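**Student:** Whatever this is, show me its structure:
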Amino acid sequence: MPTTIRAMLGELGLPEPSAELLTLGEQAFGIYVTLGWESERVERITFAVMTQDPTALSVPLDPKIEQFVKSAPYTYDAADRRYVYAVTSAQRGEYNKLQSYYRWRPQMLDLMLLSDSNEDAA
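**Tutor:** Numbering: from 1, shown residues only. Prediction:
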């Protein structure tokens, strides 16, 4: 799959992917692109991974992100915590995103086309 990701980014004119992007790209449940109003060119592409614990991912997290993970508020059972961790490739380089859920509904996994067995592997 790293070959496919490299080819995809190359066709879009985006920089060579980092090891982190390749690692997360292989685990991604979603791939998102950003388009601009001025052209049909893809401006950036994001690979998103669903995880219960971002600190357990096979990529290093910035200490500020780790602190956010520890302190983000939520309204449901801690055993059901979910995050979306993503890495984005753009012309100026890569950056990371982290989404925390304040309210989580387990049926969201079905809507996101994630089964528990696939999601827990991330």
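**Student:** Dump the longest strand anywhere in the chain to PDB, restricted to CA.
**Tutor:** Longest strand of the chain, by residue count under DSSP state E: strand 42-51. The C-alpha trace of strand 42-51 is given here as PDB (Å, rounded to 0.1, in the frame of the first residue of the first chain):
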ATOM      1  CA  VAL A  42      -6.600  18.800  -5.100                       C
ATOM      2  CA  GLU A  43      -5.000  21.100  -2.600                       C
ATOM      3  CA  ARG A  44      -4.500  18.600   0.200                       C
ATOM      4  CA  ILE A  45      -5.300  15.000   1.100                       C
ATOM      5  CA  THR A  46      -6.000  13.600   4.500                       C
ATOM      6  CA  PHE A  47      -5.800  10.000   5.800                       C
ATOM      7  CA  ALA A  48      -7.900   9.400   8.900                       C
ATOM      8  CA  VAL A  49      -7.700   6.600  11.500                       C
ATOM      9  CA  MET A  50     -10.300   5.800  14.200                       C
ATOM     10  CA  THR A  51      -8.800   4.900  17.500                       C
END
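**Student:** buried stuff in it?
**Tutor:** Neighbour counts over strand 42-51 (16 or more other Cβ atoms under 10 Å) mark 42, 44, 45, 46, 47, 48, 49, 50, 51 as buried. (Each C-beta comes from the backbone N, C-alpha and C, glycine too.)
**Student:** Show the average pLDDT along that strand.
**Tutor:** Strand 42-51 shows a mean pLDDT of 92.
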